[in-house]
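In: predicted model, plus sequence, below.
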Amino acid sequence: MKFAFNFMNFSSAGALALCGLLFSAAPASAKDAEPKALTTETNAVPESKAAPKKTDWSRAAHQSTESLLKHFWNSTDHYFNAETGGSTNFNYWPQAHAMDVVIDAWLRTQDSKYSDYFEPWYNGIREKNGGRYWNVFFDDMEWIALTLLRLHEATGDEKYLNTAKRLWVFIQKGWDQETGGISWKADHLWSKNACSNGPGSILASRLYRINGDQKDLDWAKKIYQWEKERLFDPETGAVTDHFSDRTGSKAGGPLTYNQGTFLGAAYELYKLTGEIQYLRDAEKAAAFTITSRNTLDRRNGILRDEGRGDGALFKGIFIRYFVQLMLEKELKPEIRAQYRDFLYHNAEVLWTRGVKQEELLFSQAWSRPPEGNALLNAQTSACTLLEALAFYEKSQPQTK
C-alpha cells in the first residue's frame, strides 16, 4: 500500500458466512438508482439512535455495488479503475477490497452475474501487476491473499487457495527473526506496521481454519502477540500505526483500518482457541474506534474522513471486521446494542447525505457526496458498509 505510514469471507456451504468470512435482492435497473425511493422518510438522520427499519438495506447494497461495477470495472483488462472520469489507473491493494464487495454481493444473492467476475479479476490483476501476484508491500500481498481465500471458499477452486499459499510464503519473509513483527515494505524492513501485522495474523488464522496446519496457527498467535505488545494500548484500545527499529519507538495516530484489523485478528483467534482475552481485546479496540475523537467525525457521530488517497478505504475495512464481531453470541446485550446503533447510524448518514444520488457514487466522507471524480477507494468503502449491513440483517433471526 503506497501510503505514508512512516509519517504519521461464505463458501459454497453457507456456514462460513455466519462464522465471519462475511459478506437477495432482485436485479435493479438504472431507474432504481434513486436512494430516496428506498426510504419511507427522507429527513436527515436523527441525533439519537438511527431507525433501522426505514431503509431496505439489501436493496441499497445491491444498487451501490451495481454502481461500483458500472463505474469502476475495466471490462477490457479486468480490474477496477482507480477513479471515474475515464481513468484506467491501477492501484493494487484496493483490488482486493473491491472484489470483496463483489463476493459480498454473490453471497447475498447467489447470482452468477457476480461470480462471473471472479476469474477475470484473478487473471486481470496478475497481468496488470506485471504477470505476478507478488508486491513489494507486504500488506498488499496480505489483502490479495485474504480475498483469494474468500474466492476459494465461495467456489471450491483450488487455484485461489494455492495462490494465497504462495503469497503467504513471501509474506513470512517480512517477519523479523530477531525482534519480531512483519515489515510494511521489502525496502523498509525497519518499519513494523499495524497494516502488515493485523491482516497477516488474520491470514494465518484463516489458512489454519482451511488446512489445519498448526504452524499457521502458531504464526497467527505470534504475529498478533507482537502487535499487541508493540502497538496496542490495553487501557484505551488504541492501535498505533507503526514501530520503528531505527528509533526504537512507536508512532502514528490510530486509523480505522488498523483498529479493524487488530480487532479482526483478535476475534479470529478467539474463534479458533476460545480464549476469552482475545474477545476482550477485540471489544476494547472496537470501543475505542466508535467513541474516540481520533477516529470519529464527532459532528455527525460517524467514522471520520481519513483523506482521498488510501485513507478513503479505511472505514470500510474497519466495518467488515466490526460486523463479524457484532455477530458474536458471547457479546453482552448492551455492547451489542451499542455496536448496532453505531452501524445503523453510519449507514443512515451515508445513505441520506453521503451519496451522489443520480449515479450512486460516494466520497471518502460519509456525510457528503463526492465532488469531481469519484474514487474507487471511497466507493468500495461505502459499498462495504452497505453490504455489511445487508449481511448483518440477513444473519438476524426472523420474527413473524
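Out: On my side now, so go ahead.
In: tell me the mean pLDDT for stretch 260-280?
Out: For stretch 260-280, the mean pLDDT works out to 98.
In: quick check: closest non-adjacent residue to the residue positioned nearest the centre of the chain.
Out: Nearest residue to the geometric centre of the chain (C-alpha atoms, centre = their mean): residue 317, 2.6 Å. In space, and not counting its chain neighbours, residue 317 is closest to residue 257: 3.9 Å by C-beta to C-beta, 6 or more residues apart in numbering. Using the backbone N, CA and C atoms, a C-beta is placed for each residue, glycine as well.
In: in a strand, that neighbour, correct?
Out: No - according to DSSP: H, G, I helix; E, B strand; the rest coil, residue 257 belongs to no strand; its state is helix.
In: was I right about it contacting residue 195?
Out: Yes - using C-beta atoms under 8 Å, residue 257 is in contact with residue 195, at 7.0 Å.
In: what's the following helix or strand after the helix or strand bottoming out on mean pLDDT in the chain?
Out: Ranking every helix and strand in the chain by mean pLDDT, DSSP states H and E puts helix 15-16 at the bottom, with a mean of 33. Next helix or strand after helix 15-16 toward the C-terminus (DSSP states H and E): helix 57-72.
In: other residues contacting the following helix or strand past that next one?
Out: Going down the chain from helix 57-72, the next helix or strand is strand 73-74, by DSSP H and E. Here strand 73-74 makes contact (C-beta atoms under 8 Å, 6 or more residues apart in numbering) with 80, 81, 88, 117, 124.
In: cutoff 6 Å now
Out: residue 81 (C-beta atoms under 6 Å, 6 or more residues apart in numbering).
In: ditto for stretch 183-190
Out: Residues contacting stretch 183-190 (C-beta under 6 Å, 6+ apart): 5, 136, 137, 174, 191, 192, 193, 196, 244, 245, 246.
In: read off the pLDDT value for residue 25.
Out: 31.
In: quick one: mean pLDDT over stretch 236-246.
Out: 95.
In: please identify the helix or strand for the residue nearest to the centre of the chain.
Out: Taking DSSP H and E as the definition, residue 317 sits inside helix 314-326.
In: how far away from the center of its chain is that helix?
Out: Offset of helix 314-326 from its chain centre (C-alpha atoms, centre = their mean, to the nearest Å): 6 Å.
In: ok, residues contacting it?
Out: 20, 22, 255-257, 259-260, 263-264, 267, 282, 286, 303, 306, 339, 381, 384-385, 388, 392.
In: hey, C-alpha coordinates of that helix in PDB?
Out: C-alpha atoms of helix 314-326 as PDB (Å, rounded to 0.1, in the frame of the first residue of the first chain):
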ATOM      1  CA  PHE A 314     -10.000   2.600   5.700                       C
ATOM      2  CA  LYS A 315     -13.500   2.900   7.200                       C
ATOM      3  CA  GLY A 316     -14.900   0.000   5.200                       C
ATOM      4  CA  ILE A 317     -12.100  -2.300   6.400                       C
ATOM      5  CA  PHE A 318     -13.000  -1.500  10.000                       C
ATOM      6  CA  ILE A 319     -16.700  -2.100   9.300                       C
ATOM      7  CA  ARG A 320     -16.000  -5.600   7.700                       C
ATOM      8  CA  TYR A 321     -14.400  -6.900  10.900                       C
ATOM      9  CA  PHE A 322     -16.600  -4.900  13.200                       C
ATOM     10  CA  VAL A 323     -19.700  -6.600  11.800                       C
ATOM     11  CA  GLN A 324     -18.100 -10.000  12.300                       C
ATOM     12  CA  LEU A 325     -17.600  -9.200  16.000                       C
ATOM     13  CA  MET A 326     -21.200  -7.900  16.200                       C
END
